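> Generate coordinates for the sequence data below:
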Amino acid sequence: MTVRTRLLDREVGRALSSVSAAAKRGLGDPALAELVVIRASQLNHCAFCLDMHLTAARELGVSERQLDMVAAWEEAEGVFDERERAALALTEAVTVLTEGFVPDQVYARAAAHFDEGQLAHLIGLITAINNWNRVMVSRRIEPGGYPS
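All right, here's what the predicted structure looks like:
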């Protein structure tokens with residue numbers, strides 16, 4: 001496996017960073033944002049992003065139990081509240097798109113817990129981390145080496 005060290009053109013990298021930051025700010029819940037990006041990174045097999053965002057989640061005080069169970073959130077009754085579960089369901093639907101679209105019931109579930117602005121930021125966050133995951137996986141960037 002060849003590690004490719006240059007991530008992106010600086011302008012593209014700054015743009016992706018700006019989108020990620022804006023989406024997180026607009027969502028207004030840093031811990032939830034980290035759970036979302038962790039779940040997408042798990043689905044996309046992005047070790048770099050998992051390492052970075054698990055560290056960030058711990059720094060925010062996200063419980064080890066939640067971090068341990070995020071991969072099995074659907075079966076982890078009582079570990080995640082309904083808002084978190086709706087966000088994780090939307091994360092999976094947007095990330096995987098197995099049906100070619102986000103199912104109406106998944107969108108409606110999220111819309112019941114987030115206002116229009118928050119929902120737009122949540123979707124923005126999910127698409128941003130999917131972009132980052134694809135960059136890191138395609139460039140084979142190894143975990144670590146990011147500012148803490």
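> can you list contacts of the lowest-mean-pLDDT helix or strand in the chain?
Every helix and strand of the chain was ranked by mean pLDDT, DSSP states H and E. The lowest is helix 10-27, at a mean of 92. Contact with helix 10-27 is made by 7-8, 30, 33, 117-118, 120-122, 124-125, 128-129, 131-132, 135, as judged by C-beta atoms under 8 Å, 6 or more residues apart in numbering. C-beta here means a position set from N, CA and C on the backbone, and glycine is covered the same way.
> How far away from the center of its chain is that helix?
Centroid separation between helix 10-27 and its chain, computed with C-alpha atoms, centre = their mean, to the nearest Å, is 13 Å.
> what does stretch 113-132 give?
9 Å.
> buried stuff in it?
Neighbour-count burial for stretch 113-132 flags 113-114, 118-119, 121-132 (criterion: 16 or more other C-beta atoms under 10 Å).
> How about stretch 57-72?
Ala57, Val62, Gln66, Leu67, Val70.
> now swap in stretch 87-99 and tell me
Ala87, Leu88, Ala89, Leu90, Thr91, Glu92, Ala93, Val94, Thr95.
> what does stretch 74-84 give?
Buried-residue list, stretch 74-84, by 16+ other C-beta under 10 Å: Ala76, Val79, Phe80, Arg83, Glu84.
> Please name the residues that touch the closest residue to Leu43 other than its chain neighbours.
In this structure, Leu43 finds its nearest non-sequential neighbour in Thr95, 4.9 Å apart by C-beta to C-beta, 6 or more residues apart in numbering. Applying C-beta under 8 Å, 6+ apart to Thr95 gives the contacts Arg39, Ala40, Leu43, Asn44, Ile126, Asn130.
> any idea which element Thr95 lies in?
In the assignment (DSSP states H and E), Thr95 maps to helix 82-96.
> Toward the C-terminus, what is the element adjacent to that helix?
helix 104-111.
> Could you point out the helix or strand that follows that following helix?
Next element after helix 104-111 (DSSP H and E): helix 116-139.
> Between helix 10-27 and that next one, find me the angle.
140 degrees (axes from the mean of the first three to the mean of the last three C-alpha atoms, to 10 degrees).
> Distance from helix 116-139 to the middle of the chain?
6 Å.
> Rounded mean pLDDT for that helix, please.
In this model, helix 116-139 has a mean pLDDT of 95.
> what's next to it, contact-wise?
3-8, 16, 19-20, 22-28, 33, 36-37, 40-41, 44-46, 48-49, 87, 90-91, 94-95, 110-111, 114, 141.
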